[in-house]
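S.K.: sequence and predicted structure are below.
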Amino acid sequence: MTFNPLEQRGIPLDKQVRSWRELNVAPIDPDATDPYTRCRVITMNGIEVEAVLFSHQLARHTADPEIKRSLAEVRYVEAQQQKAVNWLLPGVSSVLETTIAYEQVAVDLTAWIARMEPDPYLRQAYEFGVLEDFDHLYRYANLYEMIEHRKAESIVDGLTEVMPGRPTRMHHRHPYDNVRDPYDRTRVDPLSKLHALTVMSAEQQTMNFYMNTGPTYMEPIARQLYQEIGLIEEEHVTHYESLVDPGETWWEQLVNHEYNECYLYYSFMEQESHPKVKALWELHLNMELEHLRIACDLMRRYDGREPEEVVAPQLPNVLTFEPNKAYLRELLATQIDLTTLGAGYVREAHERFEEMQRRLNDGERPPSDRVMDQHQEMFGRDYRLETEGPHPVASERA
């Protein structure tokens, strides 16, 4: 079934503000809900946060009060959407349990996008990043068993494996080498724009989450691990945001943001198994259709262009949360030893990378290694969830 959001009419904007009663959504039950429902919630929270932040930045770069008011009216509804989505997360889950769910999102969202990405350079960027998030999942899962004495399999439910990826200590690169080449907005497949915006938004929210929740722990090793991985998430945001063509106008970016929200809400509505969450996705889709219409009108008025010039005439195949085990194992077997050099990728450590490692570690083992040392001391092993057999890289096998 084809769905062209440019031809659909949503809920009128003056009917979109919700009362406190309507915003008081019931949280999901983590023990009785598909883990991918929680992944969809985390993803859409990141997308809504990006929508709000982008609208604020656009408002700060215009002197026209009419534009500011138009943006503010839509942004208030986006902020309500963000609250409704994020408040679906259950208060009974610990910060670390939510963290593991965040990393499951990063792994399976990025892996699926890499599989579907038509541009080879962009696909390589996603393949590179996903092996680092895969290792973060492994480190947090071991921390979880250490300080909460529970196993991450209760969170990921066997849908995502937990084992070493590219070692976290190898993720600390010189900032120069985190900047990629952007796509060309005049030639790139419209699907690639949606992919780049989606992964950037999700990684940005992960960065925000870690920088704010890390110091809430008392255990020194937990505080240190969040600090280390939080810095890597900043690298990932740099990595992904640099893929976006900086030549896109503010209005083009606004349309892309609203179109992407329609794409994701439609995708998640199509596959959601939780009835109440599915209803929320449908409601928000109908709100976003109106936000997209408003963005398109602003583009016509201030950019002098039609939205069909920059977005696809219909939504691509729905974005799907599903296991990516075979694909990830193939990437582990072939790309675990990659690092970056300039806008490309190499297998050998280079002078700039080694100097960054020396300055950062200063002769000490980083927290991501020390958490494994402490786990080994406590349990005599590391924690893994290898559902498909031994690790594909012999040196990483338990």
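M.R.: On my side now, so go ahead.

S.K.: what's the per-residue pLDDT of G46 here?
M.R.: pLDDT recorded at G46 is 98.

S.K.: tell me the first helix or strand C-terminal of the helix or strand hosting it.
M.R.: Secondary structure from DSSP states H and E places G46 in helix 35-60. Using DSSP H and E, the next helix or strand after helix 35-60 towards the C-terminus is helix 65-86.

S.K.: now the residue positioned nearest the centre of the chain: closest residue in space that isn't a chain neighbour?
M.R.: The chain has A202 as the residue nearest its centroid, 2.1 Å off, counting by Cα atoms, centre = their mean. Distance criterion Cβ to Cβ, 6 or more residues apart in numbering; nearest residue to A202, sequence neighbours excluded, is G46 at 4.5 Å. (Each C-beta comes from the backbone N, C-alpha and C, glycine too.)

S.K.: residue contacts, the one you found?
M.R.: The contact partners of G46, taken as Cβ atoms under 8 Å, 6 or more residues apart in numbering, are 201-206.

S.K.: please indicate which of these are buried?
M.R.: For the contacts of G46, a burial check counting by 16 or more other Cβ atoms under 10 Å picks out 201-206.

S.K.: quick check, nearest of these to E355?
M.R.: The closest of the buried ones among the contacts of G46 to E355 turns out to be E203 (Cβ to Cβ; 25.4 Å).

S.K.: hang on, the earlier thing: including distance to S55, could the contacts of G46 go into TSV?
M.R.: Listed next are the contacts of G46 as TSV, based on distance: Cβ to Cβ, whole Å:
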residue	distance to S55
S201	13
A202	18
E203	19
Q204	14
Q205	16
T206	21
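
S.K.: and those residues as JSON lines, adding secondary structure, distance to R150 and pLDDT?
M.R.: Formatted as JSON lines, the contacts of G46 follow (DSSP: H, G, I helix; E, B strand; the rest coil; distance: Cβ to Cβ, whole Å; pLDDT from 0 to 100):
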{"residue": "S201", "secondary structure": "helix", "distance to R150": "30", "pLDDT": "98"}
{"residue": "A202", "secondary structure": "helix", "distance to R150": "25", "pLDDT": "98"}
{"residue": "E203", "secondary structure": "helix", "distance to R150": "26", "pLDDT": "98"}
{"residue": "Q204", "secondary structure": "helix", "distance to R150": "28", "pLDDT": "98"}
{"residue": "Q205", "secondary structure": "helix", "distance to R150": "24", "pLDDT": "98"}
{"residue": "T206", "secondary structure": "helix", "distance to R150": "21", "pLDDT": "98"}
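
S.K.: specify which member of those is nearest to R300.
M.R.: R300 lies nearest to S201 out of those, by Cβ to Cβ, at 25.3 Å.

S.K.: for the closest one, which non-adjacent residue is closest in space?
M.R.: Going by Cβ to Cβ, 6+ apart, S201 has E50 as its nearest residue, at 3.8 Å.

S.K.: likewise E355?
M.R.: H174 (7.3 Å).

S.K.: from M200, how far out is the one you found?
M.R.: Distance, H174 to M200, by Cβ to Cβ, to the nearest Å: 21 Å.

S.K.: what is the burial count for V277?
M.R.: 24 (other Cβ atoms under 10 Å).

S.K.: which of the three states applies to it?
M.R.: Three-state assignment for V277 (DSSP: H, G, I helix; E, B strand; the rest coil): helix.
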